[in-house]
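Asks: this one's sequence-less:
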């Protein structure tokens, strides 16, 4: 995460996260780096479905139509957190860390998204491991994707 924080500082960019299955793990990983306060604006932990709608302002119809574990909801979460937090970049995480099936979607199915410069990139991952391992893998993948994008 040090490399990401350094790159964000160098480019004078800010970032915010909207997290569901990660439960704030991305935010925690960023703020554990000294100097992160100059680039990290904040996080919304929207674990409950209603919080995705009420706080992250994801359209309820989008949730009802696609489910919370979906490309569409991940995209809206990333876009909305950037707008709400007034950050240059918004990232989001939604998925099923397991162990059971959720919304007829298997454990390990995760959608994450990046909103930056009027663009949205959404990623679908099929991961294996414990709940904790899946959450850690998702955060690591986001870090790599951000580094590649920037």
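Replies: Alright, I've got the coordinates. None of these values were measured; they are calculated from a predicted model. Numbers count the residues shown, from 1 in each chain.

Asks: state whether residue 59 and residue 76 are indeed in contact, as I suppose.
Replies: Yes: the pair residue 59 and residue 76 passes the contact test of Cβ atoms under 8 Å, sitting 6.7 Å apart. C-beta coordinates here come from the backbone N, C-alpha and C atoms, glycine included.

Asks: more neighbours, the two?
Replies: Remark: of residue 59 and residue 76, residue 76 carries more neighbours, 26 against 14, as counted by other Cβ atoms under 10 Å.

Asks: which ones are touching that one?
Replies: 56, 58-59, 62 (Cβ atoms under 8 Å, 6 or more residues apart in numbering).

Asks: ok, 7 Å please
Replies: 58-59, 62 (Cβ atoms under 7 Å, 6 or more residues apart in numbering).

Asks: can you get me a residue count around the spatially closest residue to residue 24 that is not a sequence neighbour?
Replies: Distances taken as Cβ to Cβ, 6 or more residues apart in numbering put residue 45 closest to residue 24, at 4.7 Å, once the chain neighbours are dropped. By the criterion of other Cβ under 10 Å, residue 45 has 18 neighbours.

Asks: can you pull the contacts of residue 45?
Replies: Counting by Cβ under 7 Å, 6+ apart, residue 45 has contacts 19, 23-24.

Asks: and the gap between it and residue 112?
Replies: For residue 45, the distance to residue 112 (Cβ to Cβ, to the nearest Å) stands at 15 Å.

Asks: one more: residue 60?
Replies: Going from residue 60 to residue 112 by Cβ to Cβ gives 22 Å.

Asks: between these two, point out the one with more neighbours.
Replies: Set side by side, residue 60 and residue 112 show more neighbours around residue 112, with 29 against 12, by other Cβ under 10 Å.
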